[in-house]
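> Predicted coordinates and the sequence they were generated for:
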Amino acid sequence: MTQFTIPTVETQRLTLRGPTQGDFPAVAAFYASDRSVFVGGPMTAEATWRHLACEIGHWALLGYGRWAVVEKTSGAICGIVGLWDPEGWPEPEIGWDLFDGFEGRGYATEAALAARGFAYDVLGWTTAISLVKPANTASARVAGRLGARRDGRFDHARFGTLDIYRHPAPEAV
């Protein structure tokens with residue numbers, strides 16, 4: 001069995017740590033809800049379990065991935081945020097899924113900034129994108145707060161048309 005370690009990243013209010021089987025109830029609740037409509041949901045519990053396994057496997061395959069985001073004050077998992085580049089993606093992405101009840105606090109922006117810092121400073125990325133469904137105005141606002149600008153569209157077989165938001169280069173942040 002291949003062993004790998006998912007690094008932990010700390011921000012002022014959040015801990016970004018590797019996703020685990022113990023996160024399944026919170027992840028399943030998110031993907032069962034309409035809140036997940038822009039990121040492939042709603043999903044059944046079985047499909048969500050497979051998706052969680054995919055999130056963890058991404059780390060093993062590529063050496064980076066998305067973290068479970070934990071609110072330091074409560075210890076609650078409030079989302080999944082990080083680096084994503086599965087087969088069929090146009091280029092490496094910084095993505096965020098914030099769970100119900102945690103929106104409006106700046107958590108998506110805070111976690112995505114930490115993820116982008118990791119991509120640029122640790123992995124040596126020179127560019128990054130975020131893909132956002134055109135109707136997902138909340139995620140488009142997060143992309144804007146991160147300094148990302150619309151840079152075309154991408155048509156995905158499963159997710160449909162997505163707006164590409166290009167993040168500033170490392171030397172610009």
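Ah, there it is.
> where does this protein have low pLDDT?
1-2 (pLDDT under 70).
> Export the helix of greatest length in it to PDB, keeping only CA atoms.
Scanning the chain for the helix with the most residues, using DSSP state H, yields helix 45-62. The C-alpha trace of helix 45-62 is given here as PDB (Å, rounded to 0.1, in the frame of the first residue of the first chain):
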ATOM      1  CA  ALA A  45     -25.000   8.700   0.000                       C
ATOM      2  CA  GLU A  46     -23.300   6.000  -2.000                       C
ATOM      3  CA  ALA A  47     -22.200   8.500  -4.700                       C
ATOM      4  CA  THR A  48     -21.000  10.900  -2.000                       C
ATOM      5  CA  TRP A  49     -18.900   8.100  -0.400                       C
ATOM      6  CA  ARG A  50     -17.300   7.500  -3.800                       C
ATOM      7  CA  HIS A  51     -16.700  11.200  -4.200                       C
ATOM      8  CA  LEU A  52     -15.000  11.500  -0.700                       C
ATOM      9  CA  ALA A  53     -12.800   8.500  -1.700                       C
ATOM     10  CA  CYS A  54     -12.000  10.400  -4.900                       C
ATOM     11  CA  GLU A  55     -11.000  13.500  -2.900                       C
ATOM     12  CA  ILE A  56      -8.600  11.400  -0.800                       C
ATOM     13  CA  GLY A  57      -7.300   9.500  -3.800                       C
ATOM     14  CA  HIS A  58      -6.500  12.800  -5.600                       C
ATOM     15  CA  TRP A  59      -3.800  13.400  -2.900                       C
ATOM     16  CA  ALA A  60      -2.300   9.900  -3.500                       C
ATOM     17  CA  LEU A  61      -2.300  10.200  -7.300                       C
ATOM     18  CA  LEU A  62      -1.100  13.800  -7.700                       C
END
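> Next secondary structure element downstream of it?
strand 66-71 (DSSP states H and E).
> for that next one, packing partners?
Contact partners of strand 66-71 among helices and strands, from 3 or more C-beta pairs under 8 Å, 6 or more residues apart in numbering; DSSP states H and E: strand 14-17, strand 77-84, helix 107-121. From N, CA and C alone the C-beta is placed, and that goes for glycine too.
> Of all these, which one is nearest residue 135?
When the helices and strands packed on strand 66-71 are compared by C-beta to C-beta, helix 107-121 sits nearest residue 135, at 16.9 Å.
> any idea which of the helices and strands packed on strand 66-71 is most buried?
Highest mean neighbour count among the helices and strands packed on strand 66-71 (mean count of other C-beta atoms under 10 Å): strand 77-84, with a mean of 25.
> got the contact list for that strand?
If you take C-beta atoms under 8 Å, 6 or more residues apart in numbering as the criterion, strand 77-84 is touched by 14, 16, 19, 23, 26-27, 30, 55, 58, 64-71, 92-99, 101-102, 107-108, 111-112, 115, 118-119, 123, 128.
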